[in-house]
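Colleague: below is the sequence, then the predicted model.
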Protein chains: 2
Amino acid sequence: MAFAEPLQLQSGAVLRDYRLMYETYGTLNADKSNAVLVCHALNASHHVAGYYADDPKNVGWWDNMVGPGKPLDTNKFFVIGVNNLGSCFGSTGPMHANPATGKPYGAAFPVVTVEDWVAAQALLADRLGIDQFAAVMGGSLGGMQALAWSIMFPERLRHCVVIASTPKLSAQNIAFNDVARQAILTDPDYRGGDFYEYGVVPKNGLKVARMIGHITYLSDDDMAEKFGRKLRGIVENGVAAQGKYKFGFGIDFEIESYLRYQGDKFSEYFDANTYLLITKALDYFDPARLHDGDLAKTLAGTKAKFFLASFTTDWRFSPERSREIVQALLCNRREVTYAEIDAPHGHDAFLLEDARYMNLVRAYYEQVWQEVQKKEGA
Amino acid sequence: MAFAEPLQLQSGAVLRDYRLMYETYGTLNADKSNAVLVCHALNASHHVAGYYADDPKNVGWWDNMVGPGKPLDTNKFFVIGVNNLGSCFGSTGPMHANPATGKPYGAAFPVVTVEDWVAAQALLADRLGIDQFAAVMGGSLGGMQALAWSIMFPERLRHCVVIASTPKLSAQNIAFNDVARQAILTDPDYRGGDFYEYGVVPKNGLKVARMIGHITYLSDDDMAEKFGRKLRGIVENGVAAQGKYKFGFGIDFEIESYLRYQGDKFSEYFDANTYLLITKALDYFDPARLHDGDLAKTLAGTKAKFFLASFTTDWRFSPERSREIVQALLCNRREVTYAEIDAPHGHDAFLLEDARYMNLVRAYYEQVWQEVQKKEGA
């Protein structure tokens, strides 16, 4: 969707024009009451579910959650995924031409915030004729967007579904983000953000950034279970020798192999400037900041009903952080459903199959669906 | 101390000759029964306590623990600090000339293990005429060395003091080390380890490595307490504007400023090859490996009495890891004192002032001292 009207950003900068890449699933009903917006996290996109006819391997990032008969059932709901501004999957971002110069934005792409994304998503909803979402939903950074929706546009969503999220990053969260940024910014191939023009990519920086991130997505226990101290082994005289150290700086342990592979893969497809932008959006998110840190006051104007879920082994955004939101909502006598799910997979759990988790979301959306039907009947 | 005899390393490599830089405090008694070896962790050295007449600001890294009247009282004990092989503070390391080429070793310096260090320390003890230490002591990686002493030379220490340590790294610990190594190895200024010859230093890689490490040394709570989301503030029209985001990739938060400063400082003095070597020594330490992972069996031959301490908020080497050692020792009916100290400062707590911690170590060494006196009297 192309927008020719300028977008004023929180930073003061203005995007002269922009495009938002989006995908929809299911059918919008006559009174447009069954729309659900799904917001993406760091490295995901508008491609939430399903696959393309010509690219069957490219399955949406939340395909276990969204689809026909899935917890968020696209036989019932009209689901929208939007790629956020500054991202690298189709919406206007750092690799696109800056209308002021004709060259790629690079580091000149303005810093965008969660609130900027939500404002743009609201403009897209306007274009689609959706006044009010049945729900806005997201995990992690996507959950922050859902929360921001409930604050910025209280009348425009009936349910707010916030999974594995937090009302703001901690110092440790920011610290990890800043190290990742430093890895990218100091990679000589970053070229001050204008690497596109030089035909290079700061792959080393991106790789290190992703490896750091990845560690924080997994739980210590899960890593221990999956990898422990397993060695990759070496080949001696043509025979694989298990359980031997290589005494070099190559790969000894399976965990090293896994992380380096994840880092390499990521550096092949993700944009370095986007990584910087999205980590900054994470760092900056802190809606209570304008209310002296009082989250209850911040959420006082919300009208939605809330569903929150967190995962016991998530040490990036621990259950405690979700509980802060729940407490602040309860202070405002909002209707809140909260689930703390005993799952081993750390922060990543929000993307993974877990029967209890999926059943809870399914049950919640069945309730939302009943409301939609009542609305239609009314 | 110069050693002309070659040292056979665990990797199979041989150091043709080498030097060990060491420092001593206090006086060795007549029967040489009051010697305590203090082993250093990642970025420390032989300079354990006190300062030099011509460099009064260069205070030893464990000066709160070791000195006249301190918990490890140098009025009573003869304390030795040794810089480990491969380190960058005087003992033979990557920046020294490789006798085979005449050029600095660089990446050709052999990978050294905790056991190699302990073997070299034992040779130093031989030279100093010390058959048996009253105690061998260390924190973190230093604690691993103390533990290795108890296994490799059971007759040569009466007490083994292991603080904030672990019998082996977890997958998560290894993961953090490997990301740090990747940051160094992929810095173009690393030049395959031969940066000395080019007059450059892989400062960016070292900085990122140190920032990652530093995050794991502090507790989440401590970081929250010290830094939280405090902003550095910006200057607008000559006036400091507090509480404003900069909307760029510079420094917004105090935690970023702190970590980058720590990273920069570290990259000024620490050797990149040493960082690689020491993190590998950490990764490889796993004495139970030769006993099918059975730590109790591994410690069956130990003869020392043990003192262990861990810190509740240490998430790098959590109390659980110390408890594993305690359990394995109890299986062998060893005499063990174990303290789990409720301290807010994460892994770094082992280096910090904490009255309960210091008093425990003091009390333990008083007991060791009484034994020394009995021995002298006998």
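Modeller: Arrived safely, thanks for sending.
Colleague: now the helices for the stretch 51-200 of chain A?
Modeller: With DSSP state H, counting those that start in this stretch, the ranges of helices along the stretch 51-200 of chain A come out as A:114-127, A:141-152, A:171-185, A:195-198.
Colleague: select, out of these, the one closest to residue A:42.
Modeller: When these are compared for distance to residue A:42 using CB to CB, the nearest one is helix A:141-152, at 5.7 Å. (Each C-beta comes from the backbone N, C-alpha and C, glycine too.)
Colleague: which of the helices of the stretch 51-200 of chain A is buried the deepest?
Modeller: Among the helices of the stretch 51-200 of chain A, the stretch with the highest mean neighbour count (mean count of other CB atoms under 10 Å in any protein chain shown) is helix A:141-152, at a mean of 27.
Colleague: which strands or helices does that one pack on?
Modeller: strand A:35-39, helix A:114-127, strand A:133-139, strand A:157-163, helix A:272-284 (3 or more CB pairs under 8 Å, 6 or more residues apart in numbering or on different chains; DSSP states H and E).
Colleague: between that helix and strand A:157-163, how many degrees?
Modeller: Using axes from the mean of the first three to the mean of the last three CA atoms, to 10 degrees, the direction of helix A:141-152 lies 150 degrees away from that of strand A:157-163.
Colleague: got the CA coordinates for helix A:141-152 in CSV?
Modeller: Taking Å, rounded to 0.1, in the frame of the first residue of the first chain, the C-alpha atoms of helix A:141-152 are listed here in CSV:
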residue,chain,number,x,y,z
LEU,A,141,8.4,-6.6,20.1
GLY,A,142,5.0,-7.4,18.4
GLY,A,143,3.4,-7.4,21.9
MET,A,144,4.8,-3.9,22.5
GLN,A,145,3.0,-2.8,19.3
ALA,A,146,-0.3,-4.4,20.5
LEU,A,147,0.2,-2.6,23.9
ALA,A,148,0.9,0.7,22.1
TRP,A,149,-2.3,0.2,20.1
SER,A,150,-4.3,-0.1,23.3
ILE,A,151,-2.9,3.2,24.5
MET,A,152,-2.8,5.2,21.3
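Colleague: in this structure residue A:246 contacts residue A:256, no?
Modeller: No - with contacts defined as CB atoms under 8 Å, residue A:246 does not count as touching residue A:256, sitting 10.6 Å away.
Colleague: between those two, which one's more packed in?
Modeller: residue A:256 (24 against 16; other CB atoms under 10 Å in any protein chain shown).
Colleague: which among the helices of the stretch 51-200 of chain A is found nearest to residue B:316?
Modeller: The minimum distance between residue B:316 and the helices of the stretch 51-200 of chain A falls on helix A:171-185, with 12.7 Å, by CB to CB.
Colleague: tell me what angle the closest one forms with helix B:171-185.
Modeller: On the basis of the same axes, to 10 degrees, helix A:171-185 is oriented at 30 degrees to helix B:171-185.
Colleague: what angle do helix A:171-185 and helix A:272-284 make?
Modeller: Inter-element angle recorded for helix A:171-185 and helix A:272-284: 160 degrees (by the same axes, to 10 degrees).
Colleague: dump helix A:171-185 to PDB, keeping only the CA atoms.
Modeller: This file holds the C-alpha atoms of helix A:171-185, laid out as PDB (Å, rounded to 0.1, in the frame of the first residue of the first chain):
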ATOM      1  CA  ALA A 171      19.300  -2.200  31.400                       C
ATOM      2  CA  GLN A 172      20.500  -5.700  30.500                       C
ATOM      3  CA  ASN A 173      18.200  -5.900  27.500                       C
ATOM      4  CA  ILE A 174      19.500  -2.500  26.300                       C
ATOM      5  CA  ALA A 175      23.100  -3.700  26.900                       C
ATOM      6  CA  PHE A 176      22.700  -6.700  24.700                       C
ATOM      7  CA  ASN A 177      21.200  -4.500  22.000                       C
ATOM      8  CA  ASP A 178      24.000  -2.000  22.200                       C
ATOM      9  CA  VAL A 179      26.700  -4.700  21.900                       C
ATOM     10  CA  ALA A 180      24.900  -6.000  18.800                       C
ATOM     11  CA  ARG A 181      24.800  -2.500  17.400                       C
ATOM     12  CA  GLN A 182      28.400  -1.900  18.100                       C
ATOM     13  CA  ALA A 183      29.300  -5.100  16.200                       C
ATOM     14  CA  ILE A 184      27.500  -3.800  13.200                       C
ATOM     15  CA  LEU A 185      28.600  -0.100  13.400                       C
END
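Colleague: is chain B contacted by it?
Modeller: Yes - where contact is defined by CB under 8 Å from any CB of the partner chain, part of helix A:171-185 touches chain B, namely A:171, A:172, A:174, A:175, A:176, A:178, A:179, A:181, A:182, A:183, A:185.
Colleague: please report how far the fourth one lies from residue A:52.
Modeller: As for residue A:175, its distance to residue A:52 is 38 Å (criterion: CB to CB, to the nearest Å).
Colleague: circling back: including distance to chain B and mean pLDDT, could the helices and strands packed on helix A:141-152 go into TSV?
Modeller: Formatted as TSV, the entries for those read as follows, by distance: least, CB to the nearest CB, whole Å; pLDDT from 0 to 100:
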stretch	distance to chain B	mean pLDDT
strand A:35-39	21	98
helix A:114-127	11	98
strand A:133-139	21	98
strand A:157-163	20	98
helix A:272-284	5	98
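Colleague: and the helix or strand residue A:322 falls within, what's buried?
Modeller: Per DSSP states H and E: residue A:322 is located in helix A:319-331. By neighbour count, with 16 or more other CB atoms under 10 Å in any protein chain shown as the criterion, the buried positions of helix A:319-331 are A:319, A:321, A:322, A:324, A:325, A:326, A:328, A:329.
Colleague: what is it packed up against?
Modeller: When contacts are defined as 3+ CB pairs under 8 Å, 6+ apart, helix A:319-331 sits against helix A:295-298, strand A:305-311, strand A:336-341.
Colleague: let me have these in CSV, extended by distance to chain B, mean pLDDT and mean neighbour count.
Modeller: Formatted as CSV, the entries for the helices and strands packed on helix A:319-331 read as follows, by distance: least, CB to the nearest CB, whole Å; pLDDT from 0 to 100; neighbours: other CB atoms under 10 Å in any protein chain shown:
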stretch, distance to chain B, mean pLDDT, mean neighbour count
helix A:295-298, 13, 98, 18
strand A:305-311, 16, 98, 25
strand A:336-341, 18, 98, 18
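Colleague: format those as TSV; extra columns: distance to residue A:288.
Modeller: Written out in TSV, the entries for the helices and strands packed on helix A:319-331 read as follows (distance: least, CB to CB, whole Å):
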stretch	distance to residue A:288
helix A:295-298	4
strand A:305-311	16
strand A:336-341	17
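Colleague: out of the ones you listed, the one nearest residue A:204 is which?
Modeller: strand A:305-311 (31.6 Å).
Colleague: list the strands paired with that closest one, with their directions.
Modeller: Looking at strand A:305-311 with DSSP bridges, its partner strands are strand A:157-163 (parallel), strand A:336-341 (parallel).
Colleague: with just CA atoms, put the helix or strand following the shortest one into CSV.
Modeller: What that stands for is strand A:336-341. Once strand A:336-341 ends, the next helix or strand along the chain (criterion: DSSP H and E) is helix A:355-377. These are the backbone C-alpha positions of helix A:355-377, laid out as CSV (Å, rounded to 0.1, in the frame of the first residue of the first chain):
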residue,chain,number,x,y,z
ALA,A,355,-0.3,-27.5,23.3
ARG,A,356,-1.2,-25.6,26.5
TYR,A,357,-0.1,-22.3,25.0
MET,A,358,-1.9,-22.9,21.7
ASN,A,359,-5.1,-24.1,23.5
LEU,A,360,-5.2,-21.0,25.6
VAL,A,361,-4.9,-18.7,22.6
ARG,A,362,-7.5,-20.8,20.7
ALA,A,363,-9.9,-20.6,23.6
TYR,A,364,-9.4,-16.9,23.9
TYR,A,365,-10.1,-16.3,20.2
GLU,A,366,-13.2,-18.5,20.4
GLN,A,367,-14.5,-16.0,22.9
VAL,A,368,-13.5,-13.2,20.6
TRP,A,369,-15.3,-15.0,17.8
GLN,A,370,-18.5,-15.3,19.8
GLU,A,371,-18.4,-11.6,20.4
VAL,A,372,-18.0,-11.0,16.6
GLN,A,373,-21.0,-13.2,16.0
LYS,A,374,-23.1,-11.4,18.5
LYS,A,375,-22.1,-8.1,16.9
GLU,A,376,-23.1,-9.4,13.5
GLY,A,377,-26.4,-10.7,14.9
